[in-house]
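Trainee: any chance you could fold what I've pasted below:
(chains A and B)
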Number of protein chains: 2
Amino acid sequence: MYGDGFHVYDTTLRDGAQQEGLNLSVADKLAVARHLDELGVGFIEGGWPGANPKDTEFFRRARTELNLKNAQLAAFGATRRPGLKAADDPLVAALRESEAPVVTLVAKSHDRHVELALRTTLEENLAMIRDTVSHLRAEGRRVFVDAEHFFDGFKANRAYAMEVVLTAAEAGADVVALCDTNGGMLPDELAEVVHEVVGAGARVGIHCHDDSGCAVANTLAAVKAGATHIQGCANGYGERSGNANLFTVIGNLQLKRGMRLVTDEQLAEMTRIAHAISEVTNVAPSPQQPYVGVSAFAHKAGLHASAVKVDPDLYQHIDPAQVGNDMRMLVSSMAGRASVELKGRELGYDLSGEKARKVVDKVKDLEAQGYTFEAADASFELLLREELNGERTRHFDVESWRVIVEQRPDGEVISEATVKLHAKGERIVCTGEGNGPVNALDRALRTALERLFPELARMELTDYKVRILELGGRGTGAVTRVLQETSDGEATWSTVGVDQNVIAASWQAMEDAVTYGLLRAGYEADTAGRTGE
Amino acid sequence: MYGDGFHVYDTTLRDGAQQEGLNLSVADKLAVARHLDELGVGFIEGGWPGANPKDTEFFRRARTELNLKNAQLAAFGATRRPGLKAADDPLVAALRESEAPVVTLVAKSHDRHVELALRTTLEENLAMIRDTVSHLRAEGRRVFVDAEHFFDGFKANRAYAMEVVLTAAEAGADVVALCDTNGGMLPDELAEVVHEVVGAGARVGIHCHDDSGCAVANTLAAVKAGATHIQGCANGYGERSGNANLFTVIGNLQLKRGMRLVTDEQLAEMTRIAHAISEVTNVAPSPQQPYVGVSAFAHKAGLHASAVKVDPDLYQHIDPAQVGNDMRMLVSSMAGRASVELKGRELGYDLSGEKARKVVDKVKDLEAQGYTFEAADASFELLLREELNGERTRHFDVESWRVIVEQRPDGEVISEATVKLHAKGERIVCTGEGNGPVNALDRALRTALERLFPELARMELTDYKVRILELGGRGTGAVTRVLQETSDGEATWSTVGVDQNVIAASWQAMEDAVTYGLLRAGYEADTAGRTGE
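Mentor: Got it, this is the predicted structure:
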C-alpha cells in the first residue's frame, strides 16, 4: 500500500526456516510464498541460492510456478569471499542466476565477527560490501543489505558499524537493515541506535529476534525512530526464540499506528493465512498468538459476560473481524456462523441462520475431537451436504478392510491391503499392494471401485500429512489427524480423518476423497446399497 | 532481593489460570506455588476465595501445607458490592477468612465499565474502593489495588481514572497496579501514562496482557517510567494471548537492567522451574520461550557454528547458564564440521578433524534421504558410536515383524503385531495388541525383550511425530519421517526413522529408542547374536 515508501519484507523461507524442527520442501516453500503474497507483503525472501541446493531449486521453480501478485522475490546471500572479485565468486553468481529482482546481502558490521568469523581485516570487509553491492547493482539487481550483529557491533565499535552502513548505502544498497542477530536488545536502547543511523542519512530497515521477548516492540520502536523497512516471519518462526512475528507487527502498525501496509481485505485474511501456513510447515499454531491465535479473542472469564454483550469493544483491543479472527472462537477455531455462511455460499449452498447454526455446532463438535476443516474443503462440503440432506452421501458401503505390513526375514518390507465393499448392488472383494499401508489400502479401494466408476483412474493422492494431537492432556486421548490432498488433473481437494489409529484415520480421509471425487465426476445419487443381507 | 522496594508479583494461579485449556486442581496450585517460591518471587496470588470453592480450599490448605520461604500469599477479590458496607459483604468476608496477609482488590477505573458492568455511579465506585480498602487495612491486611482497564479508562476519562488511583492510595492501598486488561497498549504510550500516574504520588504497579505482543516490553517500559511492582505469569500463561511472561521479565530486568530481583542461584533454577510448572499445568512448554525454552540457545545455521566454537558469547545475548539453560548445537544440513565437533563434545565424544568430516558426510547423506538429527539426539549418538566403533551397537537382532490393522464388519478396528528376534542367544517370538499399528509393534517388541532386559519396563514412548517428505518432487520419492521421544522417568531421548512405509519408519525409530535406552541402562556390549543358523 505504501509502495516503496515502506517495505514489509518477509524472511520466513530463509531465517524462519532456521527454527528447530522446521523443514520445508521446495513445494512447501512455494505454498508459503503464495500465502504471503495473498496477505500483501512487499518482499518474500526465498532462500540462499547456491549455498543450499533446495533453495536454488526454489528460485528455478519460482520463475514458472509462482505468479506473485503483490510481492517481489528476494534472494539472500553473503558478500563475496575475501580476496576474490565479486564477479568471480560462484556464490555471487548463484545470486545472479536465481533471477530474483532483489538480492539481500548479509554483511558483517561487528568488528570482532569480521575478525573471528570471516577471518579477514576490517578494511577488506568494507571492500567486500562495496564490491558485491556495486557488482549486483551493475547487473540490474536491486540490493538490500542486512547488517548482521549491528547493535552489538555498534556497542563494541560504533565508528566501524556506521562505516559499514554508509559503505553499503554509497555502493548502491537501497536499504540497510539493522539486525539484532542475537536478539538481546530492548526497545529503548535499540530506538536510540536506529535514530542515530537514520540521522546519518541511510535508508534503514530493522530485523529483530525475540530472545528478550521484545522483537515486536523493538520493530515498532525502530519504525518510530525512522526505519522504513521491516523484516519478520510468519507466526514468529525462527531460530532460538524466533524472529519478529510479522503478523503481530502488521496488526500493530496498521490498526494502532494508522499505517496502511496491506489493504483492509488482505488484513481480514491474516488469521486464515496464518493457519494455512502452519498447515504447510506442520508446526502446531500457537493458540495464544496475538491477533490470529485461536485464543486471541477467546473469553473464558464469565465475570463480564453481560457487559461483553452490551459492548464487546470494551473487552477487545481491536475488532477481531479486522484480522479475520472471531470473538466466538473460544469453542471453535474456524466455526463462526458468519464464516460458515460465507463458506457455504462459496460452495454454492444456501445456509440461512438456523442451518448455519446446526453446521457450526457440528463443526465445533468435530473440532473438539481433533478434526480441522480449514485445510479440508472437501470433507467440509460433505459435512454440509450431510446436514442439508439429512444423510451422508455414499456411493459405496464398506463391509471391512485389513492391512498387513510385514518385514520379512530377508529384510524386505511388504504392505498388502484387502477391502470388502458393496456398490451398485454388487459385493466386491479386492486386494492391493503398495509401498506402505496407506498406499496399499488406497490401491485396494480404487481397484475395487474402478470397474464401476472408471473416472477413479484419473484421481491420484497428491499430498498426505499426519499430525498427532494431544486432546485431553499428555499421554491420554492422543489422536492422529490425517490430511489428504487428491487431484483429478483439473481440480485438487482436501479431506480429513481423525482416529487413535493412523490407518483408520487415513481410511476416513481416503473415503471422503473418493466420495468427493465421484460427486465431481457427476455421480450425484446414492448408488450404494447392500444386497441380500 | 529488593525487599519491599520492588515487588515481583505472580498471578499464575489466578489470572494465568484463565488460559484456555488450563485447569488446575488445588494440589496443582500448591505445587506451582512451591515452584514460584523457589524462584524467589515476592508475592503469589493464590486465587479468589469466596468466588470459587477451589480457591477457598487452596487458601485453607495453604495455611498448613505451604511453607513459603520467600513469597507472601495474596488473595484476589473485588471491592464490595454497591450499596453494601464492606464489613457486611460476604465476598469481602471470604477475603478476610482466607488469612492471606495480602489482599489484592480489583477496582474499576474506566467510567463506562463502572456504568455498564457494575451498573452503579462513578461516585459509588469510589466509595466502594475507599470503604473496602480501609476495612481490610483495619483488619490488618496489606492491600494492593488492581485498577482494571486503567489505560483505556485513562484515554476515555483521564480525571476519573486518576481519581480512582488516588482514592485507593489515600484509603491505604500500598500499591495501585495499572492494568492493561485488554492488552492493546504499545510501550511508548503506556510509559507516558505510567509516568504521569507516578508523578501524582501513588506507588504504581503494572499488569500487562500480550494482545499486541508487547506485554514484556510494556512491563519494562513501565518500570523505566517509575513502576516498582510488576505482575506477570509463569510461562506467559493467561487468557487470550496470555499475560506478561514473568520469566522473560525477570531475565530482562536482572540481566539487562542490572536489577537484583532474585539471587543468582534462584535465577539459575529458572529453566528447571519453568519446565516443572509446565509439567504441573500439562501445557506443553514452548521451545521458543525466551531464556528458558529448549530452543532458546539452540543454533542451527552452519554459518555461525564455526565462530560459536571460537567465542560463544558472540552468538548469545546472555550466558545460558545464568538462567540454567544450555547452548545446544543442532545437527542439520546447514551445519558444518564445527557444529558436529561441538555436538560430539557435548555428548562426550572426541571428534577430531577427520572423524568429524566422516560424520558430517554421513549426516548429509542421511539428511538427503529425509533423516533429521537436530531433533533426534539419541539416533545421532548411535550414529557417532557406529562411526567411531566401526559397527552398529546392537543388543538384539531382528528376524522379522508383521502388523495387521483390520476394520471388522462390526466397525471395530483392531491392531496386532508379531515380532521375531534373537537376543542373548535366544530366539523369541512375541505378539502385541495396541490402539494402532505402532503401539501394537512397540508392545510386541518390549514384551519380547523385557524378560532379558527388565529395565525396558521403565521406558515409555512419550511423543511421536510423523511427517511426509517430498524428496524428489511431486508424487515420486515421498518418504515418511517418524520422530519418537522416549523416557525412562529420568531422561528423555529422541530417535528418528525414515522409510517409504510409515510402519517401517516407526520401527527404525523404535529400535534406536530401545537400543539407546539399553545403553543408558548399562548394556554396553553387543549381546545379540543369532544361533544355529
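Trainee: quick check: closest non-adjacent residue to the residue of the stretch 51-200 of chain A found nearest chain B.
Mentor: Going by Cβ to the nearest Cβ, chain B is nearest to A:Gly184 of the stretch 51-200 of chain A, at 2.6 Å. All C-beta atoms are positioned from the backbone trio N, CA, C, and that covers glycine. Spatial nearest neighbour of A:Gly184, chain neighbours left out: B:His317 (2.6 Å); criterion: Cβ to Cβ, 6 or more residues apart in numbering or on different chains.
Trainee: what's the helix or strand for the one you found?
Mentor: If you go by DSSP states H and E, B:His317 is not part of any helix or strand.
Trainee: kindly report the residues of the stretch 101-250 of chain A close to chain B.
Mentor: Proximity of the stretch 101-250 of chain A to chain B is confined to A:110, A:112-113, A:116-117, A:149, A:152, A:182-184, A:186-188, A:210-214, A:216-218, A:220-221, A:224, A:236, A:239-242, A:245, A:248-249 under the rule Cβ under 8 Å from any Cβ of the partner chain.
Trainee: ok but the residue of the stretch 51-200 of chain A closest to chain B is inside a helix, no?
Mentor: No: judged by DSSP: H, G, I helix; E, B strand; the rest coil, A:Gly184 forms no part of a helix; its state is coil.
Trainee: tell me which element the residue nearest the centre of chain A falls in.
Mentor: Among the residues of chain A, the one closest to the centroid is A:Ile277, at 1.9 Å (Cα atoms, centre = their mean). Per DSSP H and E: A:Ile277 is located in helix A:270-281.
Trainee: can you tell me how far the residue in the stretch 201-350 of chain A that chain B sits nearest to sits from A:Gly232?
Mentor: Per Cβ to the nearest Cβ, the residue of the stretch 201-350 of chain A with the smallest distance to chain B is A:His317, at 2.6 Å. For A:His317, the distance to A:Gly232 (Cβ to Cβ, to the nearest Å) stands at 20 Å.
Trainee: do A:Ala423 as well
Mentor: Distance from A:Ala423 to A:Gly232, by Cβ to Cβ: 52 Å.
Trainee: and those two? Which one has more around it.
Mentor: Neighbour tally, A:Ala423 and A:Gly232, criterion other Cβ atoms under 10 Å in any protein chain shown: the higher count belongs to A:Gly232, 30 against 21.
Trainee: for the more buried one, helix, strand, or coil?
Mentor: Put simply, A:Gly232 is strand when judged by three-state DSSP.
Trainee: what residues are up against it?
Mentor: Neighbour list for A:Gly232: A:9-11, A:208, A:215, A:219, A:243-246, A:249 [criterion: Cβ atoms under 8 Å, 6 or more residues apart in numbering or on different chains].
Trainee: for chain A, what spans make up the strands?
Mentor: If DSSP state E is used as the criterion, the strands of chain A fall at A:7-10, A:43-47, A:72-78, A:102-108, A:142-148, A:175-180, A:204-208, A:229-232, A:397-407, A:413-423, A:426-434, A:460-470, A:478-487, A:492-499.
Trainee: near chain B, which residues of the stretch 301-450 of chain A are found?
Mentor: A:301, A:304, A:306-307, A:310-311, A:314-318, A:330, A:398-409, A:413, A:415, A:420, A:435-438.
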